[in-house]
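**Student:** next come a sequence and a model predicted from it.
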Amino acid sequence: MKNYDPYKKMILFFVSLINIIMMSAVFAYAWYSYYMDTMYNYTFYRKGNYVVIALYGIILFFFSHMYGGLKIGQLRRVEVMLSQYLSLFLANGVMYIVISLLAFGFVNPMLLIAMFLIQMIVSTVWNYIAIYFYNRIFQPWKILLIYGEYPAADLVYKVEARRDKYAIYDAINISEGMDAIAEKVKDFQAVIIGDISAVERNDVLKYCYKNKIRAYIVPKISDIILMGADKIHVFDTPFLLSRGYTLSFDQRLIKRAMDIIIASILTIITSPILIVTALAIKLYDKGPVFYKQVRYTKGDKEFEIYKFRSMIVNAESDGVAQLAKENDDRITPVGRFIRATRIDELPQLFNILKGDMSFVGPRPERPEIAKEYCEQIPEFSFRTRVKAGLTGYAQVYGKYNTTPYDKLKLDLFYIANYSLWTDIKLMMMTVKIVLKKEATEGVDENQTTAAAVSVEESESVEEIVQEIVKGEGK
């Protein structure tokens, strides 16, 4: 079978471009049939109409790129569709504002609403066709997992969740040596290099690079720190400069100004939701509306975080700090809704205005839980180089029950690669996260924190992989 992988990016570009063009064509129909005639004192000729339609296409492309609506094959079908629906909704909303400004008054939105429904149908059909042919043309990579002394079963199960894209067909322990690995890797298209020592990983990585083998590497904390390093040259010697501190003064100033402005606007906009939620919580069990809890922020400083109470009164009457579990019976019916929609987080806007938190940053942990994490992972304290955040890298790309080590990596990636654009992107991505149920999954019934449950590896990683492969063949 012919290998189309060299053309993958080009094919996906044209697939996405066709989708944008079709959505713009539906908008063009609405524009020509109605909205063009609503302009106040303006007559749009051919070029003017083209500009409006092109503007719509650009806005739609921006939101689609932002939310992953263009990532066919990379994200799950449901997530691609959700991203495209959200992108269409926001693009249509922006264009409604633009049209109203040009018309010097609010125009009838009904045609735009009907247009949105038609776009959703067209987009759904197109994506089912595109994803069907994508999966036929681009088969999942046949992957060999190279692991070490650390348990790798969890990594296998994570990759298994996307077997349409990555398929681990075998595994080998690094202790078997490079000769055995070099012999085995000949039958595979790619390798996943798990959490092995830096020396051994370098040998494997150089071998893969030399032999043009695709390698997926699980990064170490030091790797993520180096990602944010400056590249400098001293004569003919290249250096990577890791400064060891976080945000500069001007970055902190701009970040704080943005926090105040956005938090103030959102507090005003969401005030009806705040009032209704407070009444619902109070009427349900007459208990307190807000839940205050001590958390950590920048420099391990303690502060009281404000949240809407989603659990029964005295949910931790035994004094033991524990995260919410899946199907936790401590969560009230009102609480279950506000947790699923993230409304319970809205009072943290007051923490942002006070300066305890930033809009974007690592999730604020409880001191006792953070202490437990630090005992297992000393580097966990690196997260407090910046203020805690209402949203952030770990909140957007991870889940509520993501393990501390993975949360640390995500948060360090944010800190090491900070930019104003990153903050803006993460804030906009948060809208999508609210719609994803798995983002609020609780920890396992046997856990009080998100620390990974120890895996009893009664089966070897190789046996686990073979069971998955056999199950796929049935």
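**Tutor:** Thanks, I have the structure now.
**Student:** ok, and the closest non-adjacent residue to Tyr209?
**Tutor:** In space, and not counting its chain neighbours, Tyr209 is closest to Ala215: 7.5 Å by C-beta to C-beta, 6 or more residues apart in numbering. (Each C-beta comes from the backbone N, C-alpha and C, glycine too.)
**Student:** mind checking the SS state of that neighbour?
**Tutor:** Ala215 falls in the strand class when you classify it by DSSP: H, G, I helix; E, B strand; the rest coil.
**Student:** how about Tyr418?
**Tutor:** Three-state call for Tyr418 (three-state DSSP): coil.
**Student:** how about the residue nearest to Tyr209, what does it touch?
**Tutor:** 190-193, 204-205, 208-209 (C-beta atoms under 8 Å, 6 or more residues apart in numbering).
**Student:** okay, those in TSV with secondary structure and distance to Phe14 next?
**Tutor:** Listed next are the contacts of Ala215 as TSV, based on DSSP: H, G, I helix; E, B strand; the rest coil; distance: C-beta to C-beta, whole Å:
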residue	secondary structure	distance to Phe14
Ala190	strand	25
Val191	strand	30
Ile192	strand	30
Ile193	strand	33
Val204	helix	36
Leu205	helix	33
Cys208	helix	30
Tyr209	helix	30
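**Student:** farthest-separated two in those residues?
**Tutor:** The two members of these with the most space between them (C-beta to C-beta) are Ile192 and Tyr209, at 15.2 Å.
**Student:** for the two, indicate the residue with more neighbours.
**Tutor:** Using other C-beta atoms under 10 Å as the criterion, Ile192 and Tyr209 rank with Ile192 on top: 22 against 10.
**Student:** where's the more buried one relative to Glu467, distance?
**Tutor:** Distance of Ile192 to Glu467, computed by C-beta to C-beta, to the nearest Å: 18 Å.
**Student:** tell me what the longest helix seen in the chain is packed against?
**Tutor:** For the chain, the longest helix by residue count, based on DSSP state H, is helix 110-137. Counting by 3 or more C-beta pairs under 8 Å, 6 or more residues apart in numbering; DSSP states H and E, the packing neighbours recorded for helix 110-137 are helix 8-33, helix 77-102.
**Student:** give the other helices and strands that the helix or strand following that helix contacts.
**Tutor:** On the C-terminal side of helix 110-137, the closest following helix or strand by DSSP states H and E is strand 141-147. Helices and strands touching strand 141-147, by 3+ C-beta pairs under 8 Å, 6+ apart, are helix 153-160, strand 166-173, strand 190-193, helix 461-473.
**Student:** most tightly packed of the ones you listed?
**Tutor:** Among these, the stretch with the highest mean neighbour count (mean count of other C-beta atoms under 10 Å) is strand 190-193, at a mean of 22.
**Student:** the one helix or strand Phe239 maps to - contacts with which helices or strands?
**Tutor:** Taking DSSP H and E as the definition, one finds Phe239 inside strand 237-241. Contact partners of strand 237-241 among helices and strands, from 3+ C-beta pairs under 8 Å, 6+ apart: strand 230-234.
**Student:** could you check the angle the strand it packs on makes with strand 237-241?
**Tutor:** Angle of strand 230-234 versus strand 237-241, following axes from the mean of the first three to the mean of the last three C-alpha atoms, to 10 degrees, is 150 degrees.
**Student:** possible to save the contacts of Ala215 as TSV with distance to Arg342?
**Tutor:** Shown next, in TSV, are the contacts of Ala215 (distance: C-beta to C-beta, whole Å):
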residue	distance to Arg342
Ala190	37
Val191	38
Ile192	33
Ile193	36
Val204	41
Leu205	39
Cys208	41
Tyr209	43
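**Student:** ok, of those residues, which one's closest to Phe290?
**Tutor:** Using C-beta to C-beta, the contacts of Ala215 come closest to Phe290 at Ile192, 45.1 Å.
**Student:** sorry, back to before: how about the helices and strands packed on helix 110-137 in TSV, adding distance to Phe138, mean pLDDT and mean neighbour count?
**Tutor:** Conversion of these to TSV gives the following (distance: least, C-beta to C-beta, whole Å; pLDDT from 0 to 100; neighbours: other C-beta atoms under 10 Å):
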stretch	distance to Phe138	mean pLDDT	mean neighbour count
helix 8-33	6	90	16
helix 77-102	14	91	18
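**Student:** export those as TSV, with columns for distance to Tyr284.
**Tutor:** Shown next, in TSV, are the helices and strands packed on helix 110-137 (distance: least, C-beta to C-beta, whole Å):
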stretch	distance to Tyr284
helix 8-33	43
helix 77-102	31
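**Student:** and the helices in the stretch 201-350 of the chain, which stretches?
**Tutor:** If DSSP state H, counting those that start in this stretch is used as the criterion, the helices of the stretch 201-350 of the chain fall at 221-227, 249-269, 271-285, 333-340, 348-354.
**Student:** for Phe61, find the nearest of those helices.
**Tutor:** That would be helix 249-269 among these, by C-beta to C-beta, at 24.3 Å.
**Student:** output the contacting helices and strands for that closest one.
**Tutor:** helix 348-354, strand 358-360, helix 420-434.
**Student:** okay, the ones you listed, which one's buried deepest?
**Tutor:** With neighbours taken as mean count of other C-beta under 10 Å, the helices and strands packed on helix 249-269 reach their highest mean count in strand 358-360, at a mean of 27.
**Student:** give me the average confidence score over that strand.
**Tutor:** For strand 358-360, the mean pLDDT works out to 94.
**Student:** and what of stretch 397-405?
**Tutor:** Averaging pLDDT along stretch 397-405 gives 77.
**Student:** ok, now which ones touch Phe382?
**Tutor:** So, once contact is read as C-beta under 8 Å, 6+ apart, Phe382 ends up touching 221, 408, 411-412, 415.
**Student:** circling back: and the residue nearest to Tyr209, how close does it get to Cys208?
**Tutor:** 4 Å.
**Student:** quick check: neighbours shared by these two?
**Tutor:** Shared contacts of Ala215 and Cys208, defined by C-beta under 8 Å, 6+ apart, comprise Val191.
**Student:** returning to what we had before: any chance of the helices and strands packed on strand 141-147 in TSV, with mean pLDDT too?
**Tutor:** Listed next are these as TSV, based on pLDDT from 0 to 100:
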stretch	mean pLDDT
helix 153-160	80
strand 166-173	87
strand 190-193	92
helix 461-473	69
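**Student:** of all those, which lies closest to Ile118?
**Tutor:** In terms of C-beta to C-beta, the element of the helices and strands packed on strand 141-147 nearest to Ile118 is strand 166-173, at 35.4 Å.
**Student:** show me what the closest one is packed against.
**Tutor:** Using 3+ C-beta pairs under 8 Å, 6+ apart as the contact definition, the elements that strand 166-173 packs against are strand 141-147, helix 153-160, helix 178-184, helix 461-473.
**Student:** how about a markdown table for the ones you listed, with distance to Gln74 added?
**Tutor:** Formatted as a markdown table, the helices and strands packed on strand 166-173 follow (distance: least, C-beta to C-beta, whole Å):
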| stretch | distance to Gln74 |
| --- | --- |
| strand 141-147 | 13 |
| helix 153-160 | 14 |
| helix 178-184 | 27 |
| helix 461-473 | 21 |
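**Student:** would you tell me which of the ones you listed gets closest to Ile268?
**Tutor:** Smallest distance to Ile268 across the helices and strands packed on strand 166-173 (C-beta to C-beta): 41.0 Å, for helix 153-160.
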